[in-house]
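> any chance you can model this:
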Amino acid sequence: MHPEGELLGPFDVPEPWWPETASIVEAARRATGRELVVLRLIERRNERAGGDVTYLAEDSARAGVAERSDDPCRMSWARPGGALADVDWARGRLACPVDAVQVKSWNLSSLWRLDGADNRWWLKVVPPFFAHEGRLVVWLRGRGHPVPAPVDVDGPRLLMAHVDGTDGFGAGRAEERALIDALVDLQLDAMAHVDNLVELGVPDWRVEPFTALASATVEARAAELNPTELQSLRRLVADIAHRLASAAAAGVPDSIVHGDPHPGNARFADDLRSFTILDWGDATIGCPFLDLSRMASSTRAWLERWSRALPGADVDAAWRVVRPLAALRDAVVYEQFCDNIEPSERVYHDLDVAPSLRQAARLAAA
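This next block holds a predicted model:
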């Protein structure tokens with residue numbers, strides 16, 4: 001017996017990515033004949049993807065059995081009965097029977113595919129710090145931007161229509177440029193609606209809140225930095241207000257920041273003529289150039305697109321002052337994840353904070 005209950009497995013699965021659950025559930029079904037729901041990661045032998053890990057799962061026929069432990073940061077779907085309650089909610093919003101397939105479960109989301117006779121839908125449930133995602137998707141879709149089509153939103157739950165096509169991992173230059181064009185158009189539109197987006201719950205990471213978060217992140221990780229890095233980062237934090245003011249003076253106002261706009265967070269139609277931008281949980285309000293750190297190979301294309309969009313702006317000057325802040329923002333995001341998830345799942349992000357801080361220190365020193 002495992003301390004958390006009956007030990008099943010081990011099962012070999014093809015993906016090394018810990019949040020992916022579909023193959024785990026299928027392997028357990030083949031081996032035991034039981035329908036399991038993966039709740040969360042509880043043990044691992046290595047620090048990165050792959051290798052031997054242990055999940056806590058529940059038998060769907062016995063859902064809701066009381067746990068032996070608790071944590072105040074535990075996600076709702078990581079508790080017995082939580083994920084199945086989400087699925088029941090989605091079924092109640094659809095006018096047809098569906099088969100539910102668990103696709104992902106980790107500290108940042110619970111994702112289910114809902115297969116009907118003629119249609120498919122997706123249920124995504126997010127943590128409290130991402131709870132704005134559903135409302136933001138509704139707002140963006142209503143303004144004609146290429147985001148998922150929401151069927152219903154209930155707090156952290158987002159029920160979406162299926163998007164045909166292929167996820168953009170491995171996308172080519174043409175796909176990247178199309179994504180850049182669409183995101184810049186979206187950010188241009190959002191510039192006039194920043195206050196509305198804050199009212200929707202999109203986190204306000206403009207000067208004062210971003211400075212406070214950045215300072216807290218640097219000090220929390222001070223022991224992982226050398227004295228030169230720490231000094232450089234403290235100077236960078238003290239300079240945030242000046243740098244963001246300089247970007248605004250160069251002609252780049254605040255807007256929405258997607259937070260992780262790489263092609264893998266977009267789904268491209270098979271003819272590559274259309275696509276949908278996914279995963280808006282990381283979105284905040286701030287300088288839109290903070291997004292450039294997530295597509296470093298396309299920085300010049302980004303800046304050229306912004307030059308056309310803001311012909312009176314000095315986009316190169318704005319990028320020079322913002323560039324270290326983009327790496328610093330990445331560190332703040334990862335630290336926020338670690339601060340708001342239970343210890344067993346911090347392994348997903350804990351090793352990402354210090355490298356982002358070191359990158360910010362190098363860029364600031366340069």
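> drop to CA atoms for contacts and neighbour counts, all remaining ones
Will do.
> in the chain, which spans are strands?
36-44, 53-59, 99-106, 109-115, 120-125, 150-154, 157-161, 166-167, 255-257, 266-268, 275-277, 284-286 (DSSP state E).
> what sits against the nearest residue to Ala364 once chain neighbours are set aside?
Using C-alpha to C-alpha, 6 or more residues apart in numbering and skipping residues adjacent in sequence, the residue nearest Ala364 is Pro324, 5.4 Å away. If you count contacts by C-alpha atoms under 8 Å, 6 or more residues apart in numbering, Pro324 has them with Gln359, Ala360, Ala361, Leu363, Ala364.
> can we see that at 6 Å?
Counting by C-alpha atoms under 6 Å, 6 or more residues apart in numbering, Pro324 makes contact with Ala360, Leu363, Ala364.
> let me know how buried the nearest residue to Gly155 once chain neighbours are set aside is, in neighbour terms.
Spatial nearest neighbour of Gly155, excluding adjacent residues (C-alpha to C-alpha, 6+ apart): Ala131 at 6.2 Å. Neighbourhood size, Ala131 [other C-alpha atoms under 10 Å]: 20.
> per-residue confidence at Ala131?
On pLDDT, Ala131 comes in at 96.
> quick check: buried residues in stretch 109-117?
In terms of neighbour count (16 or more other C-alpha atoms under 10 Å), stretch 109-117 has its buried residues at Ser109, Ser110, Leu111, Trp112, Arg113, Leu114, Asp115.
> of the residues you listed, just say which sits nearest to Glu345.
When the buried residues of stretch 109-117 are compared for distance to Glu345 (C-alpha to C-alpha), Ser109 wins out at 12.3 Å.
> report the contact partners of that closest one.
For Ser109, the contacting residues are Val125, Val126, by C-alpha under 6 Å, 6+ apart.
> for the strands of the chain, which one sits closest to Arg29?
Here strand 36-44 is closest among those (C-alpha to C-alpha), at 7.5 Å.
> what residues does the closest one touch?
Val25, Val53, Thr54, Tyr55, Leu56, Ala57, Glu58, Asp59, Ser60, Ala78, Ser344.
> burial of the second one, as a residue count?
Think Val53. For Val53, the count of nearby residues is 14 (other C-alpha under 10 Å).
> go on, the fifth one?
As a burial measure, the neighbour count of Leu56 was computed by other C-alpha under 10 Å and equals 19.
> for it, give me the pLDDT.
Per-residue confidence at Leu56 stands at 90 (pLDDT).
> list the neighbouring strands of the helix or strand of the chain with the lowest mean pLDDT plus their orientation.
Using mean pLDDT, DSSP states H and E, strand 166-167 stands out as the lowest-scoring helix or strand of the chain, at a mean of 85. Sheet pairing of strand 166-167 (DSSP bridges) gives strand 266-268 (antiparallel).
> buried sites along the strand it pairs with?
Ala266, Arg267, Phe268.
> of all those residues, which comes closest to Asp181?
Ranked by distance to Asp181 (C-alpha to C-alpha), the buried residues of strand 266-268 are led by Ala266 at 13.0 Å.
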